[in-house]
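Student: Need the 3D shape of this:
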Amino acid sequence: MSTATAEPAASCCSGQPGLEATCFHCGLPLEASTLHRVTLGDREVEVCCPGCAAAVTLVADAGLDDYYRLREQRTGIRARKEQETPTIKDWSAPAIAERFVRSENGVDRAEIAVDGMRCAACSWLLENGLGELPGVREVHVELTAGRADVRWDPQDADLGRVLARIRELGFDCAPAHAGAEDRLLEAQRRRSLRALGISGICAMQIMMLAVADYAGVLGEGIDAGYRGLILWAEMVLATVAVGYGAGSFFRGALRALAARQLTMDVPVALAIGLAWGASVLLLFGGAAATGAHLYFDSVAMFVFLLLLGRHLELGIRHRFAHSDVRLGALLPAVAQRIGAPGAEADVVPADGLRPGDLIRVRPGQTVPADGRVCTGRGGVDRSALTGESAPLAVGPGTLVDAGSRNIDGVLELEVLRAPKESTVAGIPALLDRARRQRPRAARLADLIASRFLAGVLLAATLAGLVWLQLDASRALEVVLATLIVTCPCALSLATPSAITAASVRLRRAGVLVADPDTFETLAQSEEICFDKTGTLTEP
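Tutor: The predicted model follows:
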């Protein structure tokens with residue numbers, strides 16, 4: 001790898017048209033004072049910092065440079081080298097790591113929230129890049145939720161090394177803890193809202209100018225120069241909307257075409273690019289002064305509506321993530337630990353309990369860990385675990401599951417398993433498995449959309465050829481209308497959004513969906529059988 005820090009960034013060697021003076025890896029602007037050049041294969045690329053330079057080298061050395069050919073857009077986050085991330089050592093500390101790491105059959109496992117994943121190529125890079133790390137046994141990346149489920153051998157790796165490798169690859173990350181993950185989701189929401197807001201402001205301003213033109217106000221007693229000035233103002237606003245808001249569509253279309261694939265971004269980018277480009281040519285050519293129709297208003301509104309749809313879909317996914325049943329919500333945050341039966345109790349964090357500890361659970365409190373009753377008698381409510389509303393009578397020697405609620409009597413228990421290894425800890429794991437599954441309906445919608453896209457492009461081409469023969473002046477608007485009206489965004493977004501919204505609604509009602517295919521099964525079901533008593537609140 002060779003670097004240079006004194007040369008200005010005249011252009012980016014990213015190989016992506018229209019993306020000049022930006023970092024090849026992350027896409028952020030290049031500055032002469034921090035510019036670095038890295039050899040990638042038979043070419044040199046320009047990156048913004050030593051971290052991104054190290055990331056490119058790491059990807060190339062691992063044989064994963066196909067990532068740069070297949071990705072739809074860049075991460076927007078500068079990569080960091082391990083020595084540039086001092087907090088990694090903190091994550092490796094046993095007292096910190098044990099809060100986020102679960103041990104299963106001698107293998108450590110953690111779920112990590114990742115920011116910066118933009119497409120399937122990013123998840124592919126993460127899975128393969130982490131897989132190259134010594135000690136890592138299995139990696140599963142879920143693009144839609146922005147999470148990575150990583151398992152590793154504790155003798156060869158730890159949480160700190162896993163987080164460091166993710167940041168070296170150019171993504172921001174944190175253990176999927178409520179606070180850390182919420183901060184990443186909030187950053188993603190702000191970026192989406194910023195793009196939506198800028199596009200919406202531009203669209204509204206353009207529509208205010210266009211309405212006067214549509215009503216003919218600008219042609220009655222107003223100098224033609226003023227109309228030209230308004231049209232130039234529309235072009236500037238539309239360019240901002242297209243450049244800032246629709247940039248992701250163009251990048252996605254370029255990456256899809258480079259990989260010889262068709263995605264939703266292809267017809268969207270074609271429609272936006274044709275409408276904006278044709279309007280600019282008409283304006284510069286003077287045809288607009290003679291009454292030629294321009295599409296700046298249509299382009300801006302189209303970009304705004306597409307971003308609005310994606311922002312709403314993002315909001316549904318975030319609500320689904322926030323509605324996850326977390327272990328912290330099922331178990332108390334603190335516990336009363338005692339040194340011996342009948343002794344004074346110390347209040348300690350519940351997740352710090354270990355097998356052999358003695359704890360006291362008073363009436364109305366929730367049992368923080370699986371345990372065996374040593375002293376005391378009473379009843380516990382296990383409905384959160386079994387659905388059985390009748391209390392279970394307990395006494396010395398009775399096994400009590402974490403998550404059960406003590407109804408009466410003071411109980412003293414010996415802890416048998418730590419809270420994160422308790423029976424109730426399996427509920428979040430069950431939901432994680434359900435979230436990773438793609439229902440049949442969603443897979444079918446994606447298959448239909450991919451084939452539908454080819455039909456859309458063919459229909460637009462045929463429509464354009466026919467109208468060139470009938471009325472060449474209307475050929476462009478017919479092609480644009482065909483691309484816009486047949487945009488398959490709704491087809492690919494409606495199914496997963498509907499399933500996610502239904503899962504959120506059921507979860508708020510206390511129903512946990514373990515398999516998303518259940519929705520299809522229920523639609524065809526005529527009889528439902530319940531295998532326990534006490535689970536139905538109405539006859």
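Student: going forward, measure contacts and count neighbours with C-alpha atoms only.
Tutor: Noted.
Student: Could you report the neighbour count for residue 196?
Tutor: When neighbours are defined as other C-alpha atoms under 10 Å, residue 196 has 23 of them.
Student: ok, it touching residue 309?
Tutor: No. In this structure, residue 196 is not within contact of residue 309 by C-alpha atoms under 8 Å, at 9.8 Å.
Student: what comes up buried for the longest strand along the chain?
Tutor: Assignment by DSSP state E gives strand 107-115 as the longest strand of the chain. The neighbour-count check on strand 107-115 (16 or more other C-alpha atoms under 10 Å) flags 107-115 as buried.
Student: Export those as a markdown table, with columns for pLDDT and distance to residue 369.
Tutor: Shown next, in a markdown table, are the buried residues of strand 107-115 (pLDDT from 0 to 100; distance: C-alpha to C-alpha, whole Å):
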| residue | pLDDT | distance to residue 369 |
| --- | --- | --- |
| 107 | 86 | 22 |
| 108 | 86 | 20 |
| 109 | 85 | 20 |
| 110 | 83 | 20 |
| 111 | 81 | 21 |
| 112 | 84 | 24 |
| 113 | 79 | 26 |
| 114 | 81 | 30 |
| 115 | 76 | 33 |
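Student: so residue 24 touches residue 45, yeah?
Tutor: Yes. When contacts are counted by C-alpha under 8 Å, residue 24 is listed as touching residue 45 (6.3 Å).
Student: quick one: which of these two has more around it?
Tutor: residue 24 (27 against 20).
Student: and the more buried one, helix, strand or coil?
Tutor: Under DSSP: H, G, I helix; E, B strand; the rest coil, residue 24 falls in the coil class.
Student: cool, the one 3 residues further on as well?
Tutor: Taking three-state DSSP as the rule, one finds residue 27 in the coil state.
Student: How much space separates it from residue 302?
Tutor: Separation of residue 27 from residue 302 (C-alpha to C-alpha, to the nearest Å) stands at 25 Å.
Student: So residue 400 sits against residue 374, correct?
Tutor: No. Counting by C-alpha under 8 Å, residue 400 stays clear of residue 374, with 11.0 Å between them.
Student: Among the two, which residue is more densely surrounded?
Tutor: Relative neighbour count places residue 400 above the other of residue 400 and residue 374, with 24 against 19, counting by other C-alpha under 10 Å.
Student: From residue 406, how far out is that one?
Tutor: Relative to residue 406, and taking C-alpha to C-alpha, residue 400 is found at 10 Å.
Student: again, but for residue 100
Tutor: Taking C-alpha to C-alpha, one finds residue 100 at 28 Å from residue 406.
Student: ok, those two, which is more surrounded?
Tutor: Neighbour tally, residue 100 and residue 406, criterion other C-alpha under 10 Å: the higher count belongs to residue 406, 24 against 16.
Student: Which residues are in contact with the more buried one?
Tutor: Residue 406 makes contact with 361-367, 378-381 under the criterion C-alpha atoms under 8 Å, 6 or more residues apart in numbering.
Student: so where is the stretch 101-250 of the chain shaky, pLDDT-wise?
Tutor: 118-121, 144-145, 176-185, 213, 216-225 (pLDDT under 70).
Student: Could you pull out the strands in it for me?
Tutor: For the stretch 101-250 of the chain, applying DSSP state E, counting those that start in this stretch gives strands covering 102-104, 107-115, 136-142, 147-152, 172-175.
Student: Tell me the strands beside the shortest one, with direction?
Tutor: Read it as strand 102-104. Using DSSP bridges, strand 102-104 pairs in its sheet with strand 107-115 (antiparallel).
Student: from the middle of its chain, how far away would stretch 336-344 be?
Tutor: Chain-centre distance of stretch 336-344: 46 Å, with C-alpha atoms, centre = their mean, to the nearest Å.
Student: For it, buried residues please.
Tutor: Within stretch 336-344, the residues that count as buried by 16+ other C-alpha under 10 Å are 336-338.
Student: try stretch 128-141
Tutor: Using 16+ other C-alpha under 10 Å as the test for burial, stretch 128-141 gives 128-131, 135-137, 139-141.
Student: Now do the contacts for the nearest residue to residue 173 once chain neighbours are set aside.
Tutor: Counting by C-alpha to C-alpha, 6 or more residues apart in numbering, residue 114 is the residue found nearest to residue 173 once chain neighbours are left out, at 4.4 Å. When contacts are counted by C-alpha under 8 Å, 6+ apart, residue 114 touches 146-148, 171-174, 184.
Student: ok, now residue 116?
Tutor: 75-77, 170-172 are the contacts of residue 116 under C-alpha under 8 Å, 6+ apart.
Student: same deal with residue 109?
Tutor: So residue 109 contacts 101-103, 149-152 (C-alpha under 8 Å, 6+ apart).
Student: Count the neighbours of residue 485 for me.
Tutor: 9.
Student: Distance check, it against residue 157.
Tutor: Separation of residue 485 from residue 157 (C-alpha to C-alpha): 52 Å.
Student: repeat for residue 76
Tutor: Taking C-alpha to C-alpha as the measure, residue 76 falls 28 Å from residue 157.
Student: Ok, residue 132 next?
Tutor: With C-alpha to C-alpha as the criterion, residue 132 and residue 157 are 12 Å apart.
Student: try residue 212
Tutor: Relative to residue 157, and taking C-alpha to C-alpha, residue 212 is found at 66 Å.
Student: Please name every helix or strand in contact with the longest helix seen in the chain.
Tutor: In the chain, taking DSSP state H as the definition, the longest helix is helix 178-214. Contacts defined by 3 or more C-alpha pairs under 8 Å, 6 or more residues apart in numbering; DSSP states H and E place helix 178-214 against strand 107-115, strand 172-175, helix 224-240, helix 296-322.
Student: okay if I get those as CSV plus distance to residue 331?
Tutor: As requested, the helices and strands packed on helix 178-214 are exported to CSV (distance: least, C-alpha to C-alpha, whole Å):
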stretch, distance to residue 331
strand 107-115, 19
strand 172-175, 19
helix 224-240, 50
helix 296-322, 17
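Student: wait, which of those is closest to residue 476?
Tutor: Among the helices and strands packed on helix 178-214, the nearest to residue 476 by C-alpha to C-alpha is helix 296-322 (13.5 Å).
Student: so where's the stretch 301-450 of the chain shaky on pLDDT?
Tutor: If you take pLDDT under 70 as the line, the stretch 301-450 of the chain has these spans: 313, 316-330, 333, 387-388, 426-450.
Student: could you redo the last one with a cut-off of 90?
Tutor: 301-357, 361-371, 375-411, 416-450 (pLDDT under 90).
Student: what about the strands in it?
Tutor: 334-338, 345-349, 358-361, 371-375, 378-381, 392-394, 399-400, 405-408, 411-415.
Student: Could you give the backbone dihedrals for the closest residue to residue 411 other than its chain neighbours?
Tutor: Closest residue to residue 411 apart from its sequence neighbours, by C-alpha to C-alpha, 6+ apart: residue 376 at 4.8 Å. Main-chain dihedrals, residue 376, degrees, to the nearest 10: phi 100, psi 150.
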